[in-house]
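Colleague: Need a 3D model of the following:
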Amino acid sequence: MFQDEHDVLGPAFGSRFGPGFFPDLFDEDIRSLSRLSGVSPGLVRRAERLRKVAARVAEDHARAVETVREAWAPLHEGLVHAELARTPVAKLRGAGIALLWAKDLERNGIRSVQDVLDAGAWGVAEASGVGRRTAERVWTAAGRKADHVDAGTTVRLDADPPDARTAVLLNALRVLVEAGPAARSAAEEGRRLAGRLGECLAEAAPAAGWRRMLDAGRAERRAVPAAVTRLRLLLDEAERQGVAGRFAQASVDLLRGTDGDPMGLSARVDFESRPAEYHRLLSELVRPALARRAARPADGDRP
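Modeller: Have a look, this model is predicted:
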């Protein structure tokens, strides 16, 4: 049929694929894919656009949640530090430290549980004269006390007078409170859909264009029709449910900034109108961080 592949497609094609490629070009797999080529590239592009919108709303929600946690962390840590600094070292006597040793620690500047944590086991041993093993028990007990205080400390959003760090937290919370449960639902749905579309797109990649089709192996080409069918079903379902519009609206709601209100005055007014929603949301968002801290080692391996 062809005298020379160079005559038909030019030297660049022949040098790229080599003389052994051309007979395989017209096998049944390629002929099957060619029948799909009229619709598959556009279908793949639509699916990729939807995947990006779905992934974006999930990312926007995750970013809003992380903003809250970052604003909460220094407030929480400050409260915990202050409580440990108020707790006298004598409270650790149950860990094996005698009253006399506690007095020695106090005379050497280690007066609180926070001082014990700052000094470390070596510092405790040097200040009290106890052995290394006893000092480690005291230090570990201080760590357990810190974990207990950490888990039981709540950041108050109604601080009076309000401070700048609380204003940052209120502003961050307000974004999620106003976006409401619909934004969270959209983010979760977007995360799932982006994952499913990503898997199908990886298998349907050869249908995105002739170059990819030609570069694909036989097994990859055979997987394309089923992947394209799954993509079509996902796109049809998404269109019926109007998910793209919901994802886009949720992203808009989650990206509303508070640059015009650095003192958080409007956020404070909103908080005072529905404090239970703010407290519930904050508790829900910081619970994973508190759980991770509670799972830290409570023995001599504590960092």
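Colleague: Distance-wise, check L281 relative to A172.
Modeller: Computed as Cβ to Cβ, to the nearest Å, the L281 to A172 distance reads 10 Å. C-beta: built from backbone N, CA, C; applies to glycine.
Colleague: repeat for W72
Modeller: In this view, W72 and A172 are 8 Å apart by Cβ to Cβ.
Colleague: cool, C200 as well?
Modeller: Taken as Cβ to Cβ, the span from C200 to A172 is 36 Å.
Colleague: Same check on Q249?
Modeller: Relative to A172, and taking Cβ to Cβ, Q249 is found at 20 Å.
Colleague: neighbour-wise, which of the two wins?
Modeller: A172 (24 against 15; other Cβ atoms under 10 Å).
Colleague: Okay, and the residue most central in space within the chain sits in which element?
Modeller: With distances taken as Cα atoms, centre = their mean, A62 lies nearest the centre of the chain, 5.5 Å away. Remark: A62 resides in helix 40-86, with elements defined by DSSP states H and E.
Colleague: Which elements pack onto that helix?
Modeller: Helix 40-86 sits against helix 113-128, helix 132-152, helix 164-204, helix 218-241, helix 243-254, helix 275-294, with contacts defined as 3 or more Cβ pairs under 8 Å, 6 or more residues apart in numbering; DSSP states H and E.
Colleague: Can you lay out these as TSV showing mean pLDDT and distance to K103?
Modeller: Below are the helices and strands packed on helix 40-86 laid out as TSV (pLDDT from 0 to 100; distance: least, Cβ to Cβ, whole Å):
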stretch	mean pLDDT	distance to K103
helix 113-128	87	9
helix 132-152	87	14
helix 164-204	93	37
helix 218-241	84	71
helix 243-254	95	56
helix 275-294	86	32
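Colleague: between those helices, which gets nearest to E77?
Modeller: Smallest distance to E77 across these (Cβ to Cβ): 8.6 Å, for helix 132-152.
Colleague: what do L281 and A172 both touch?
Modeller: Residues touching both L281 and A172 (Cβ atoms under 8 Å, 6 or more residues apart in numbering): V68.
Colleague: Test my guess that L170 contacts Y278.
Modeller: Yes: between L170 and Y278 there is a contact under Cβ atoms under 8 Å: 7.4 Å.
Colleague: can you pull the contacts of the closest residue to V53 other than its chain neighbours?
Modeller: Nearest residue to V53 in three dimensions, chain neighbours excluded: F247, at 4.9 Å (Cβ to Cβ, 6 or more residues apart in numbering). Going by Cβ under 8 Å, 6+ apart, F247 touches 53-54, 56-57, 186, 189-190.
Colleague: on that earlier part again, which one of the helices and strands packed on helix 40-86 lies closest to R46?
Modeller: The nearest among these, by Cβ to Cβ, is helix 218-241 at 5.9 Å.
Colleague: between that closest one and helix 40-86, how big is the angle?
Modeller: 70 degrees (axes from the mean of the first three to the mean of the last three Cα atoms, to 10 degrees).
Colleague: which of the residues in helix 218-241 are buried?
Modeller: 220-221, 223-225, 227-228, 230-232, 234-235, 238 (16 or more other Cβ atoms under 10 Å).
Colleague: what is the orientation angle of the helix holding A62 with helix 243-254?
Modeller: Compare the direction of helix 40-86 with that of helix 243-254 by the same axes, to 10 degrees and you get 30 degrees.
Colleague: angle of helix 40-86 against helix 113-128?
Modeller: For helix 40-86 against helix 113-128, the angle by the same axes, to 10 degrees is 60 degrees.
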